[in-house]
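Student: What follows is a predicted structure for the sequence shown.
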Amino acid sequence: MELGKVKDFEPIFYPNSVAVVGASQNKKKMGSIYIQCLLDAGFKGRLYAVGAKEGKSWGLPIYRNLRAIPESIDYVIVAIPKKFIPDLLDDCAAIGAKVVQIFSAGFSESGSEEGRRLEAELTRKALNLGLRIIGPNCVGVYCPESGMHLPRPMPRQEGRGSVAFICQSGGHTANFAEVGLARGIKFSKVVSFGNGCDLDSIDFLEYFAVDPETKIISAYLEGIKDGPRFVDVIKEVSKTKPVIVWKGGRTEAGAEAARSHTAAIASSDAIWAAALKQAGAIKVESLEELADTTLAFQYLPRVEGNRAAIIAGIGGAGGGACVAASDACLSQGLEVPPLAEETISRLKAILPPDGSIFRNPVDVGAIALFRDVKYLFQPMELTIKDPGIDVLIIDTPISQLIGPLSEQGYDAVLDTFIALGKAQSKPLIVVLSPLLREAEWAAMRKKLAQVQIPVYSTFDRAAKAIANVIQYWKFRAETDEEAA
């Protein structure tokens, strides 16, 4: 069954050939944008342009119709007015197409009778013709391994990824992919399914559950057609892979917007929260939290304990940061326990007596500012190796790093974090407060991401992400016990 599901979805993520219907010489038209992005991404299959007028689109000859293409096509991208699409399906079937992805909008999400009728017609026709539909009203798929790409230029992902993203919104699909790539998230596959008249969230959940490349599943959803089945599928998937869900339409206004956006029928937020918790999924509230939590799952090892240690004061005063970090952790259900007496004793032998705090949080008393950066490693190592600690959070305001520490170089501080991460197995998280230095923050974040250390801009975001990871591993432990 698993091999069958993987094989069924091969034409979606690994097509041998793609045709874009709606291509033209106008590079600003959506069909042309798809072609440009597929070419730039190095799509590994054969690519064809289909449009109303002959010519070339990004160097590809434009065929007047699908039937003129001299081979069968696996995947057809459609970016033409909606009224022409039902008849276009006949051409798709004639050339042996397996998947039709419809970018075009104006179907059931419009709320009009004509839109609902057209969507019902193309759904019925596709079923009769043996075609699978993604959409309508969607941007399609992104698969770095095959070169399938969304219609938006994005940074090229280096290497294979393990994160799958299922999304009902085209805008959120592209935004999350772009934000994720910038944060160091590596994707196995991304899909925008829009109205989901045929393939929807449940179909892709079932596929990603058995996809060998996918280890983490994230999703943005506005509504579900079959709630009980959805919960059953998530409960089964969560036994082996974390599922993180951002639910749109939590408020009455949001639910109304969802109906206009993808024709989704949104149930109450309380029902969603209860169902997702029961199924073992992690519910998040924003794109930022979705990215934060996905990043934590990608980088952190299995985290079962919730005892956090905090280190502040690197490069400057850390008393206030200690207070803020404690509040953030405790508000998310994390513990901030005192360190063992032996750990405190050894810290006192290293850190300056004035300006330092030794219990937990630990204020290192600006040791990196007044002494060589290499002295940072030992107090951090002592803290994270304390037997009563499960995870370490380090606070590092960038303004203090690139100011007082500029002579030593902030790279030396980051190298200390990297050495610490390599020297032990407990989770390590770094909070880098940007403070108007976005470029430097991005560079530091990228360097730490390369060695699997997640970076957050605030304590609150870091604590929430860690708490979400702990919640999932607690569910897994309980599930494993029940199965034993």
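Tutor: That came in fine, so what should we check first?

Student: Spatially nearest residue to Tyr472 (excluding sequence neighbours)?
Tutor: Residue nearest to Tyr472 in three dimensions, not counting chain neighbours: Pro242, with 4.9 Å by Cβ to Cβ, 6 or more residues apart in numbering. In this view, the C-beta of every residue, glycine as well, is placed from N, C-alpha and C.

Student: quick one, what contacts that neighbour?
Tutor: Shown in contact with Pro242 (Cβ atoms under 8 Å, 6 or more residues apart in numbering): Ile216, Ile217, Ile282, Phe297, Val469, Tyr472.

Student: How about the backbone phi and psi for the second one?
Tutor: As for Ile217, its main-chain torsions (degrees, to the nearest 10) stand at phi -120, psi 120.

Student: does it have beta-bridge partners, and which?
Tutor: Ala164, Val243 (DSSP bridges).

Student: from now on call the first residue 36
Tutor: In the new count, where the first residue is 36, that last one comes out as Ile252.

Student: Give me the domain ranges for this protein.
Tutor: The chain breaks down into these domains under automatic domain parsing: 37-169, 175-334, 343-510.

Student: what's the closest of those to Ala518?
Tutor: The closest of the domains of the chain to Ala518 is domain 175-334. By Cβ to Cβ, the value is 8.1 Å.

Student: how long is that closest one end to end?
Tutor: By Cα to Cα, to the nearest Å, the extent of domain 175-334 from end to end equals 27 Å.

Student: Can you check my assumption that Ser380 lies in a helix?
Tutor: Yes - under the criterion used here (DSSP: H, G, I helix; E, B strand; the rest coil), Ser380 sits inside a helix.

Student: Give me the distance between it and Leu417.
Tutor: According to Cβ to Cβ, to the nearest Å, Ser380 and Leu417 sit 10 Å apart.

Student: How about Gly355?
Tutor: Taking Cβ to Cβ, one finds Gly355 at 23 Å from Leu417.

Student: Would you mind telling me which of the two has the busier surroundings?
Tutor: Counted by other Cβ atoms under 10 Å, Gly355 and Leu417 do not tie: Leu417 has more neighbours, with 22 against 11.

Student: follow-up on the earlier one: could you check how far the residue nearest to Tyr507 is from Thr418?
Tutor: 28 Å.

Student: Can I get the domains of the chain in CSV including distance to Glu516?
Tutor: Output for the domains of the chain, formatted as CSV (distance: least, Cβ to Cβ, whole Å):
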stretch, distance to Glu516
domain 37-169, 25
domain 175-334, 12
domain 343-510, 11
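
Student: tell me, which of the ones you listed is the model least confident about?
Tutor: Note on these: lowest mean pLDDT is at domain 343-510, with a mean of 85.

Student: how far does that one stretch from start to finish?
Tutor: So domain 343-510: terminal residues 20 Å apart, Cα to Cα.

Student: Pull the distance from it to the chain's centre.
Tutor: Offset of domain 343-510 from its chain centre (Cα atoms, centre = their mean, to the nearest Å): 25 Å.

Student: ditto for stretch 328-344
Tutor: Using Cα atoms, centre = their mean, the offset of stretch 328-344 from its chain centre is 16 Å.

Student: Quick check, Gly196 in contact with Gly219.
Tutor: No - between Gly196 and Gly219 there is no contact under Cβ atoms under 8 Å: 10.3 Å.

Student: neighbour-wise, which of the two wins?
Tutor: Between Gly196 and Gly219, Gly196 has the larger neighbour count (other Cβ under 10 Å), namely 23 against 19.

Student: What's the separation between that one and Asn51?
Tutor: For Gly196 relative to Asn51 (Cβ to Cβ), the value is 22 Å.

Student: Show me what the longest helix seen in the chain is in contact with.
Tutor: As assigned by DSSP state H, the longest helix anywhere in the chain is helix 494-518. Under the criterion Cβ under 8 Å, 6+ apart, residues 273-274, 277, 279, 315, 317, 319, 323-324, 327-328, 330-332, 335, 337-341, 343, 356, 359-360, 362-364, 366-369, 426, 428, 430, 462, 464, 466, 489, 491 lie in contact with helix 494-518.
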